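Q: Show me the folded form of this:
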Amino acid sequence: MERVKATKLSNNIKKLVGTIDIPGDKSISHRAVMFGSIASGKTIVRNFLTGEDCLSTIDCFRKMGVEIYQNDDYVEIEGKGFEKLNEPEAILNVGNSGTTTRLILGILAGTPFHSCLIGDDSIAKRPMNRVTNPLRDMGAKIDGRKDGGYTPLSIRGGNLTSINYQSPVASAQVKSAILLAGLNARGTTSVTEPSKSRDHTERMLQAFGCEVLEDGLTVSITGGQKLTGTEVVVPGDISSAAFFLVAGAITPNSTITLKNVGLNPTRTGIIDILQQMGARLTIENERIVNFEPVADLTISTSDLNGIEIGGNIIPRLIDEIPIIALLATQASGKTIIKDASELKVKETNRIETVVNELTKLGAIIEATDDGMIITGQKVPFTGATVDSYGDHRIGMMLAIASCLTEEQIILNNTDAIAVSYPNFFEHLTQLSNQ
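A: From the prediction side, this is the model:
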């Protein structure tokens, strides 16, 4: 029987006070390694996220012959351009990383060799046809389980033609994969989304010297453009910051400052929700770094009100919904989350997992087909044994929930948290010991 790592969470946290530097943005760290690998010349990445997902990206490009030096959060990449990528002798293992899987497919679609992709059990359940179908339309030969819908995947790329793709979902991973394939396609490739997804790819392509055109919800790129190595300073990940923003708002007597947090407008739904619910939140030292907005955030214990969350804001906070659900348990009145069926195809079915695990702690929460309904009640949680089910965001949400009880909470599968926030528990301990 496989052993499950369990952690007894602290049950005597009285307040959270202090200042922390949020680790580097996962989405941007992935892209910095990928773009640096297909660029010409050296790329230096600072504040790289050393989580397992991003290390999987490094491993994949090393297997294609790219020289990558990594020392903690400092990375140097000796880029040789698309044309110098080598056919990998070994299978490319993406681990638990959906971003690695989908974006690297876009790059491999334009390479004239054969590759195989495999991931962990969670990746094997996540749909890939939303990417593989349009890449096939461009000319890539892709096969895999259920006609290329799931890993393992086999891809032979090259000889691509451009497409004008109408995406049925607002997905940065889908958009990015098609744009990256478009770099090696004849003509101009465009992607139109139903609503705007995160735009880190568009911003970073410009930082690497490419021209990207945006017209409303349509993004276009002309094939044949070359990337030039550059320096990337990765901002703190707002999706990771969200856990301590919520912790500061719901834990009594707390004030937390988070430094150098990325505030990309396609990612700041969590800021909007906190403000709409009445959180005591200040934003200071706003600036632009590598085409990305960055600022320092301070959050304090707040009186919160329930709200309705749905529509166009959902793509801007889809990864933060687990911790927003916890936030809503401490608000006055009901919070309704809707239009979020995308949660079902994350590392876990996050609708089901959030509802099940918070119910164990005494929350009043029910699942709907595309979200959940939470009835706020400012009472302490009860102790229980809960599980991340291998989902890093579920694990961190449940760890923050332990700030709301004096009873023991045991969290199973805590290893998953290292995927995006390796020093999460170190920061939680630091803030609780002030």
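Q: So which helix or strand of this protein has the lowest pLDDT on average?
A: Ranked by mean pLDDT, DSSP states H and E, the weakest helix or strand in the chain is strand 6-9, scoring a mean of 83.
Q: Show residues contacting that one.
A: Residues outside strand 6-9 that contact it (CB atoms under 8 Å, 6 or more residues apart in numbering) are Thr385, Leu398, Ala399, Ser402, Gln408, Ile409, Ile410, Leu411, Asn412, Asn413, Thr414, Phe425. For every residue, glycine as well, the C-beta is placed using N, CA and C.
Q: In strands, which of the residues you listed fall?
A: If you go by DSSP state E, these have Thr385, Ile409, Ile410, Leu411, Asn412 in strands.
Q: biggest separation within those residues, which pair?
A: Using CB to CB, the ones in strands among the contacts of strand 6-9 span at most 10.7 Å, a distance reached by Ile409 and Asn412.
Q: So which of those two has more stuff around it?
A: Neighbours were counted for Ile409 and for Asn412 using other CB atoms under 10 Å; Ile409 has more, 24 against 18.
Q: Next one: the more buried one, what pLDDT does it get?
A: Among the per-residue scores, Ile409 holds a pLDDT of 93.
Q: in terms of contact, does it touch Lys360 like I think?
A: No: assessed by CB atoms under 8 Å, Ile409 is found out of contact with Lys360, at 9.1 Å.
Q: okay, the contacts of strand 6-9 in a markdown table with distance to Ala32 next?
A: As requested, those are exported to a markdown table (distance: CB to CB, whole Å):
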| residue | distance to Ala32 |
| --- | --- |
| Thr385 | 38 |
| Leu398 | 30 |
| Ala399 | 28 |
| Ser402 | 33 |
| Gln408 | 41 |
| Ile409 | 36 |
| Ile410 | 37 |
| Leu411 | 31 |
| Asn412 | 33 |
| Asn413 | 29 |
| Thr414 | 28 |
| Phe425 | 26 |
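Q: Nearest to Leu92 among the residues you listed?
A: Closest to Leu92, out of all of those and judged by CB to CB, is Asn413, at 25.1 Å.
Q: I figured that closest one hits Ser388, correct?
A: Yes: using CB under 8 Å, Asn413 is in contact with Ser388, at 4.4 Å.
Q: what residues do the two have in common as contacts?
A: Common neighbours of Asn413 and Ser388 (CB under 8 Å, 6+ apart) are Gly395.
Q: Who has more neighbours out of the two?
A: A count of neighbours by other CB under 10 Å puts Ser388 above the other of Asn413 and Ser388, at 27 against 19.
Q: For the more buried one, give its distance to Gly248.
A: Distance of Ser388 to Gly248, computed by CB to CB, to the nearest Å: 22 Å.
Q: elements contacting the next helix-or-strand element following the least confident helix or strand of the chain?
A: Downstream of strand 6-9, the first helix or strand assigned by DSSP states H and E is strand 17-21. Helices and strands touching strand 17-21, by 3 or more CB pairs under 8 Å, 6 or more residues apart in numbering; DSSP states H and E, are strand 255-262, helix 424-432.
Q: Show me what counts as buried in the following helix or strand past the shortest one.
A: Right, the one you point to is strand 255-262. Sequence order places helix 269-277 as the next helix or strand after strand 255-262, per DSSP H and E. Of all the residues in helix 269-277, those buried under the rule 16 or more other CB atoms under 10 Å are Gly269, Ile270, Ile271, Ile273, Leu274, Met277.
Q: quick one, helix 269-277 and strand 255-262 angle?
A: Between helix 269-277 and strand 255-262, the angle comes out at 140 degrees (axes from the mean of the first three to the mean of the last three CA atoms, to 10 degrees).
Q: got the buried residues for the following helix or strand past helix 269-277?
A: Counting by DSSP H and E, the next helix or strand C-terminal to helix 269-277 is strand 280-289. For strand 280-289, burial by neighbour count (16+ other CB under 10 Å) applies to Arg280, Leu281.
Q: Also stretch 241-261?
A: Neighbour-count burial for stretch 241-261, counted by 16+ other CB under 10 Å, picks out 241-251, 254-261.
Q: what's the distance between it and the middle of its chain?
A: Distance of stretch 241-261 from the chain centroid (CA atoms, centre = their mean, to the nearest Å) equals 19 Å.
Q: list the helices and strands the helix or strand hosting Arg130 packs on?
A: Assigned by DSSP H and E, Arg130 belongs to helix 129-138. Contacts defined by 3+ CB pairs under 8 Å, 6+ apart place helix 129-138 against helix 98-108, strand 141-144, helix 145-148, helix 172-182.
Q: got the CA positions of that helix in PDB?
A: Provided in PDB are the C-alpha atoms of helix 129-138 (Å, rounded to 0.1, in the frame of the first residue of the first chain):
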ATOM      1  CA  ASN A 129      -7.900  17.300 -27.000                       C
ATOM      2  CA  ARG A 130      -8.700  21.000 -26.500                       C
ATOM      3  CA  VAL A 131      -5.000  21.500 -27.500                       C
ATOM      4  CA  THR A 132      -4.300  18.400 -29.700                       C
ATOM      5  CA  ASN A 133      -7.300  19.000 -32.000                       C
ATOM      6  CA  PRO A 134      -6.300  22.600 -33.100                       C
ATOM      7  CA  LEU A 135      -2.600  21.500 -33.400                       C
ATOM      8  CA  ARG A 136      -3.700  18.700 -35.700                       C
ATOM      9  CA  ASP A 137      -5.600  21.200 -37.700                       C
ATOM     10  CA  MET A 138      -2.300  23.000 -38.200                       C
END
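Q: Please give me every residue in contact with Ser220.
A: Counted by CB under 8 Å, 6+ apart, Ser220 has contacts Thr188, Thr189, Ser190, Val191, Val212, Leu213, Glu214.
Q: ok, now Arg393?
A: Per CB under 8 Å, 6+ apart, neighbours of Arg393: Ser239, Asp319, Pro322, Ile323, Lys346, Glu347, Arg350, Ser420.
Q: Number of residues surrounding the closest residue to Ile20 other than its chain neighbours?
A: Counting by CB to CB, 6 or more residues apart in numbering, Ile20 lies nearest to His427, which is 4.9 Å off, once chain neighbours are set aside. Per other CB under 10 Å, the neighbour tally for His427 reads 22.
Q: Brilliant, that's me finished.
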